[in-house]
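A.B. asks: sequence? don't have it. structure:
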């Protein structure tokens, strides 16, 4: 906090996504800022308005949504909680549905929404200290954290009163990323995502799911403290 510029980084990512769809009357990607909401509020953002739209999204890709959630640690519950309170548990369950490409819709109340397909990504920020406090073995094994890619701040900590301006080279690099995203958005669906992984990405995924997760499970069954087990896995 105050040293890694996590919110600044999220703002840059938000801007990249916005630039990639700039000028589209019906953008294929919608960027939403989230701070505090319920499972119903999330569903209202991504669910179709009616049955005809739901059927259309079954035949053609639904619009994409990027949910930018600064300080996302709130939905992980209180430090030490396994399942969290009712609100946090329902919110996590809804996000887990989204990452599977489908949602259950809204069946109660006047503003009902049919179930259907969705395309949702979440960009969240939190401090490493908060992550280590809140993430318990239950959050790992229930599948929620398995849907997240954790990107730690790797540089040295610095206290900056005012964020530095992007250099010309950095702006050029950002524009290259924007153009690449634009090509993806404008292209036809390219099939199975795993077929497009690089060899490094495949190796990293196998390392986590086949080695580190097994080690964490074995340590948990043996009664080892989770913090110690996670540090060893790291």
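C.D. replies: Here it is on my side, so go on. Just so it is clear, the structure is predicted and the values come from calculations on it, not from any experiment.
A.B. asks: all contacts plus neighbour counts: C-alpha atoms, from now on.
C.D. replies: Noted.
A.B. asks: Check the gap between the spatially most central residue of the chain and residue 31 for me.
C.D. replies: The structure's the chain has its C-alpha centroid closest to residue 122; by CA atoms, centre = their mean the separation is 2.7 Å. Residue 122 sits 10 Å away from residue 31, going by CA to CA, to the nearest Å.
A.B. asks: Mind listing the shared neighbours of these two?
C.D. replies: Applying CA atoms under 8 Å, 6 or more residues apart in numbering, one finds that residue 122 and residue 31 are jointly contacted by 66-68.
A.B. asks: Which of these sits closest to residue 55?
C.D. replies: Checking the shared contacts of residue 122 and residue 31 against residue 55 by CA to CA gives residue 66 as the nearest, at 22.2 Å.
A.B. asks: Past whichever strand or helix holds the closest one, which element shows up next along the chain?
C.D. replies: Using DSSP states H and E, residue 66 falls within strand 64-69. Heading C-terminal from strand 64-69, the first helix or strand you meet, by DSSP H and E, is helix 86-99.
A.B. asks: What lies in contact with the following helix or strand past that next one?
C.D. replies: With elements assigned by DSSP H and E, the helix or strand that comes after helix 86-99 is strand 102-103. Strand 102-103 has contacts (CA under 8 Å, 6+ apart) with 43, 47, 94, 97, 115-119.
A.B. asks: Kindly recompute the last result at 7 Å.
C.D. replies: In this structure, residues lying in contact with strand 102-103 by CA atoms under 7 Å, 6 or more residues apart in numbering are 97, 115-118.
A.B. asks: how far away is the residue nearest to the centre of the chain from residue 140?
C.D. replies: Taking CA to CA, one finds residue 122 at 17 Å from residue 140.
A.B. asks: re the thing from before, who does the residue nearest to the centre of the chain bridge with?
C.D. replies: Note on residue 122: beta-bridge partners by DSSP bridges are residue 67.
A.B. asks: Surely it is in contact with residue 66?
C.D. replies: Yes. Using CA atoms under 7 Å, residue 122 is in contact with residue 66, at 5.8 Å.
A.B. asks: average model confidence for stretch 62-71?
C.D. replies: Stretch 62-71 shows a mean pLDDT of 89.
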